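>>> My questions are about this predicted structure, shown below with the sequence.
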Protein chains: 2
Amino acid sequence: MPPRYHAPGSTESVDDYLKAILELSGPEEARVTSNALAQHLDIRAASVTGMLQKLAAQKPSFVKYEKHHGVRLTEAGKMRALEVLRHHRLLERFLHDFLDYSWDEVHDDAERLEHFISERLEDRIAAKLGDPETDPHGHLIPERNGAVPVRQEVLLSKWACGVPAVISSVSDRDPSALREMERLGLRPGTTVIVEAGTRNASLLVRIGDRPDRTRLSQRLSSAICVISGGNHT
Amino acid sequence: MPPRYHAPGSTESVDDYLKAILELSGPEEARVTSNALAQHLDIRAASVTGMLQKLAAQKPSFVKYEKHHGVRLTEAGKMRALEVLRHHRLLERFLHDFLDYSWDEVHDDAERLEHFISERLEDRIAAKLGDPETDPHGHLIPERNGAVPVRQEVLLSKWACGVPAVISSVSDRDPSALREMERLGLRPGTTVIVEAGTRNASLLVRIGDRPDRTRLSQRLSSAICVISGGNHT
DNA sequence: GCCGGTAATTAGGCATGGCTAAAAGTATAT
DNA sequence: ATATACTTTTAGCCATGCCTAATTACCGGC
């Protein structure tokens, strides 16, 4: 099995690990545990350990790994992870805008294809789309050089009551949740106000201009990120 | 290594074998030898034998294989091969028409992506293109159900002298040859007449309406297929 | 400081799909 | 009929990347 055409030193599997580390380490770039990776990638922790050792051993390395203390990405690793993430989000935008995918359909195909996008294809897609800044779920698309715009977003379930929030992004992992949001008019850019005194599992919210209140399950409210009104990207 | 999402029983490797068998067996669907496969796939004959045995053993099988006597595709195998071929050619057309690839650029990306095209993506691409009949090199695109339009094409190097021929398709395997054809105005639909008495390694031809004669290397003339004037697809 | 529980690592295995080298089969020419 | 040449298959190996089971390391509570 020849490791297919990828960035040097990378494979489909490696890309998945790097992407997972990027996501799990968050903006503070904290160390990520084997367990967290195993859960995220839906494989066993033992397999993770093996892979991390192999990754850390190769030169130039994508990760810095200390036994029993988790991994973090090196500069090179972060670059590669961002590139794959860029592929993913560009693909989602492309499938949605050009090939009539609904926003709950884009994830799976993007996830599969992201590993096989050449530089050329990446550039042509970006050009065709006019260098978009976000994917259909509102996530920011890393730039070609690895630069990532920053944004202070917060889970809707953690937003203060009574203060208007604007949806910045929603999770793309659960198609049925996305369909429900669609139905409720919850999409990036929509303003939401959480009713005072509903800090429970479910939230009572006002959506956009609508006069009525809607109850959001925790499943939904923890799949929605918001920023303060007036400057969502 | 979990065999990735594909048609049941298939993998990227298997797809490559099936496609190779389809191409090498020609319209008569003759048996294909291990050696021919090895050469086409650029791997060792021993590896081919191993794969063929595995393929022939699985039920339902994609190939019929007799030791020392080559393989041929079963109905199921042919179906899968045609599907991958459809992916490839649709992708080439798509990259060319929508993403501004030149015709010498499309092959590599199509070859890599053809394995990862979902039914949905296949359909959306086909719809976007208006169900095209050919790829940019003139090759016929199998229909969704596996039906393949037929066409009596012949290598230019075997065409009779003096009789007008119309280019039906050109090989997409050699980018530099494609660029040369481009330069000479040799593309599907172009009429060509081989000068009498040039049945050599190279051919002297008239291209389209041009009054002059051009000498085509064997490399070019054996990368061009033609049909008789007046009814190319 | 020690104990227990959770997390992480090691050890050993398996399927895939390549490889080389050696053996066996097929085919052709004498 | 048989020697020689070529093709094909077998045997055995390797890397990838996953698995389970068994072991070891870390950490918080006492």
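Happy to help now that I have it.

>>> so the most far-flung residue of chain A relative to its centre, which of the three states?
Going by Cα atoms, centre = their mean, the residue of chain A most distant from its centre is residue A:211, 31.8 Å out. Assigned by DSSP: H, G, I helix; E, B strand; the rest coil, the conformation of residue A:211 is coil.

>>> how close does it get to residue A:181?
According to Cβ to Cβ, to the nearest Å, residue A:211 and residue A:181 sit 20 Å apart. Quick note: C-beta positions are derived from backbone N, CA and C, even for glycine.

>>> so where's chain A uncertain?
A:1-5, A:197-200, A:230-233 (pLDDT under 70).

>>> what sits against residue A:207?
A:184, A:185, A:186, A:190, A:191, A:192, A:214 (Cβ atoms under 8 Å, 6 or more residues apart in numbering or on different chains).

>>> Give me the distance between it and residue A:183.
Residue A:207 is 11 Å from residue A:183, where distance means Cβ to Cβ.

>>> Closest to DNA strand D out of the contacts of residue A:207?
Nearest to DNA strand D among the contacts of residue A:207, counting by Cβ to the nearest atom of the strand, is residue A:186 at 34.2 Å.

>>> neighbours of the closest one, just the number please.
The tally of other residues near residue A:186 (other Cβ atoms under 10 Å in any protein chain shown) stands at 24.

>>> So it is in contact with residue A:192, correct?
Yes. Between residue A:186 and residue A:192 a contact is recorded at 7.4 Å, counting by Cβ atoms under 8 Å.

>>> Tally up the residues packed near residue A:103, please.
That count, for residue A:103 with other Cβ under 10 Å as the rule, works out to 22.

>>> And the strands in chain A?
A:63-65, A:71-73, A:154-155, A:165-170, A:191-194, A:203-207, A:213-216, A:224-228 (DSSP state E).

>>> how about the residues of chain A near DNA strand C?
Contact residues, chain A versus DNA strand C (Cβ under 7 Å from any atom of the strand): A:1-2, A:33-36, A:45-46, A:48-50, A:52-53, A:67-68, A:70.

>>> Now that we have those residues, which of them are buried?
Taking 16 or more other Cβ atoms under 10 Å in any protein chain shown as the criterion, what is buried in the residues of chain A next to DNA strand C is A:33, A:34, A:36, A:48, A:49, A:52, A:70.

>>> isn't residue A:74 right up against residue A:59?
No. With contact defined as Cβ under 8 Å, residue A:74 does not reach residue A:59; the gap is 10.8 Å.

>>> neighbour-wise, which of the two wins?
The neighbour count for residue A:74 versus residue A:59, taken as other Cβ under 10 Å, is higher for residue A:74 (17 against 6).

>>> hmm, back to that, which two from the buried ones among the residues of chain A next to DNA strand C end up farthest apart in space?
The distance between the two most remote of these (Cβ to Cβ) is 12.8 Å, for A:36 and A:49.
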